[in-house]
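Trainee: Any chance you can model this:
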Amino acid sequence: MEITLNQLIDQAPELAMMLRSDIRQGKLSASRKTGVAGRPYVLDSEVLLKSERDAYRMLAQQLLNNPDRIQSRRSTSPREQSFRPIPTSGEEVWQPLLKMLESQHGMLQQMINVFLHEMQQSHERYDRQSREMQEISYKLGQAHQQSERLERLLTERMGRQEQA
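Mentor: Residues are numbered from 1 along each chain as shown. Just a heads-up that it's a prediction; the model follows:
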């Protein structure tokens, strides 16, 4: 079953960035749909099912198990939208908002994890550089002591040669 990138992003906005980058890098094989602006990529559901990422496989399973959920943003015209009945129960009203908040929470959680990982790497790099600087400082001190010792030995020998 063919699925457009827009449809995938509608279903899982938290995967949008990973999907786009994997398609552009060639990790996911997708064809470009001609005459479509924006994200004209079309993927086969089998490609997602065979993907290395668990999130892609789960998304493909969800879409294959419930194909009527797949709809593009452009699939409903403004005329169709104006004749939709207004939701009456509280759950129907809040469901889209909850779905959006959950996806935003997932994206924020992913960004926080990346930020924490980068901070940890930066801290480790700082610690490593600090240790290296201490080692270099110690070696420099030893080199100064060695050069002073050699200068003393040289002046002693020069003094002995002059006396002899």
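
Trainee: how about R53, phi and psi?
Mentor: phi -90, psi 130 (degrees, to the nearest 10).

Trainee: and if you look at S31?
Mentor: The phi/psi pair for S31 (degrees, to the nearest 10) reads phi -110, psi 150.

Trainee: Same check on the one 10 residues further on?
Mentor: Y41 has phi and psi values of phi -80, psi 140 when expressed as degrees, to the nearest 10.

Trainee: I'd like the distance between it and K33.
Mentor: Distance, Y41 to K33, by Cβ to Cβ, to the nearest Å: 7 Å. Glycine gets a C-beta too; all of them are placed from N, C-alpha and C.

Trainee: which neighbours do these two share?
Mentor: Common contact partners of Y41 and K33 (Cβ atoms under 8 Å, 6 or more residues apart in numbering): T4.

Trainee: Relative to E151, how far out is the spatially most central residue of the chain?
Mentor: Against the mean C-alpha coordinate of the chain, by Cα atoms, centre = their mean, the closest residue is V114 at 6.4 Å. Relative to E151, V114 is positioned 55 Å away (Cβ to Cβ).

Trainee: Would you agree A12 is in contact with S103?
Mentor: Yes. A12 lies in contact with S103 (Cβ atoms under 8 Å); the separation is 7.3 Å.

Trainee: And the two? Which one has more around it.
Mentor: For A12 versus S103, neighbours defined as other Cβ atoms under 10 Å are more numerous around A12 (19 against 16).

Trainee: which ones are touching the more buried one?
Mentor: Applying Cβ under 8 Å, 6+ apart, the residues near A12 are 55, 59, 103.

Trainee: Tell me the confidence at it?
Mentor: A12 is assigned a predicted lDDT (pLDDT) of 78.
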